[in-house]
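Peer 1: Below are the sequence and a predicted model for it; my questions follow.
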Amino acid sequence: MKDQKETDLTCPECGKEHKVIRYERIVGNTQPELKSRLLKNELFRFKCEGCGLELPMIYPCLYQDVEKGYMVWFVPASDKEQLDKIAAFNAESLVDDNYKNLNKQYKLRIAVSVNGFIEKLLILDEDLDDRAVEVQKVMLVSQLGQTGKYRNDKVRGVFFEMVRQDDYGYTVLFQEAGPVSFKLDMEQYYKISLRNRQLFDEHMPEGFCVIQEQWAIERFREIVKDSMSKKGKRRRKA
């Protein structure tokens, strides 16, 4: 895979021609400048040198961190051809000796939006379990839906954020209230991660996979079901 590709782009506003670089593979621990630009969302935006027009510039990108042991493949949700390539890669990795150990060496993830891509890098770069983070998001939304202030407000998205070193939070985007920040409950996070590690492992596909809202909702339902079952057994014993 080539690390970068130069392509021609014409500004739709003023017609100025540009040569732009698409970074198709980034090794974060050896390319800190590119990593920094990625986290600032500078690699997926085009700014015309003529008229100043800014537009999103979306393309697939594979991010790898050898030291921390994770790889995230950003594939726009509409790019079926690229998703098919990853599916073929996953299938090959089950039988090809060159790729069999990828699952043991790396956490392999797929992100289908720029925000989701950046968020996944932030989570994994902090050595956090992204599976527990995604489940905690679902729990947070469930809790907020039971409170008077946000009960009737629709949640449009939940994003992990770095407040400062070793201090994390979530930004919840409400339909009416807009973005609201909440501190990440680390005690709850560790309970989710440690108590459900086996459950999470049992539902991990081989190869690159999407670990986001739908996966977390399914795991949350299983956790709730298991908790209710245990409570029922305790009542019967009493």
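Peer 2: Structure received. Numbering: from 1, shown residues only.
Peer 1: What's the local residue count around residue 157?
Peer 2: A total of 15 residues lie near residue 157 under the criterion other CB atoms under 10 Å. Every C-beta, even on glycine, is put in place using the N, C-alpha and C of the backbone.
Peer 1: cool, and residue 74?
Peer 2: Counted with other CB under 10 Å, residue 74 comes out at 28.
Peer 1: Pull up the gap between it and residue 62, please.
Peer 2: 8 Å (CB to CB, to the nearest Å).
Peer 1: for residue 212, same thing?
Peer 2: For residue 212 relative to residue 62 (CB to CB), the value is 18 Å.
Peer 1: ok, now which ones touch residue 66?
Peer 2: 27, 29, 30 (CB atoms under 8 Å, 6 or more residues apart in numbering).
Peer 1: okay if I get the residues you listed as TSV plus neighbour count?
Peer 2: Formatted as TSV, those follow (neighbours: other CB atoms under 10 Å):
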residue	neighbour count
27	16
29	12
30	12
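Peer 1: Quick check: of those, which lies closest to residue 146?
Peer 2: For these, the residue nearest residue 146 by CB to CB is residue 29; the value is 42.1 Å.
Peer 1: Was I right to think the closest one contacts residue 70?
Peer 2: No: using CB atoms under 8 Å, residue 29 is not in contact with residue 70, being 10.7 Å away.
Peer 1: Which residues does the host helix or strand of residue 8 contact?
Peer 2: Here residue 8 sits within strand 4-10, counting by DSSP states H and E. Contact with strand 4-10 is made by 16, 17, 18, 19, 20, 21, 22, 23, 24, 25, 46, 57, as judged by CB under 8 Å, 6+ apart.
Peer 1: Listing partners with orientation, what would you give for that strand?
Peer 2: Strand pairing for strand 4-10, using DSSP bridges, gives strand 17-23 (antiparallel).
Peer 1: following the strand it pairs with, which helix or strand comes up?
Peer 2: Criterion used, DSSP H and E; the element after strand 17-23 is strand 25-27.
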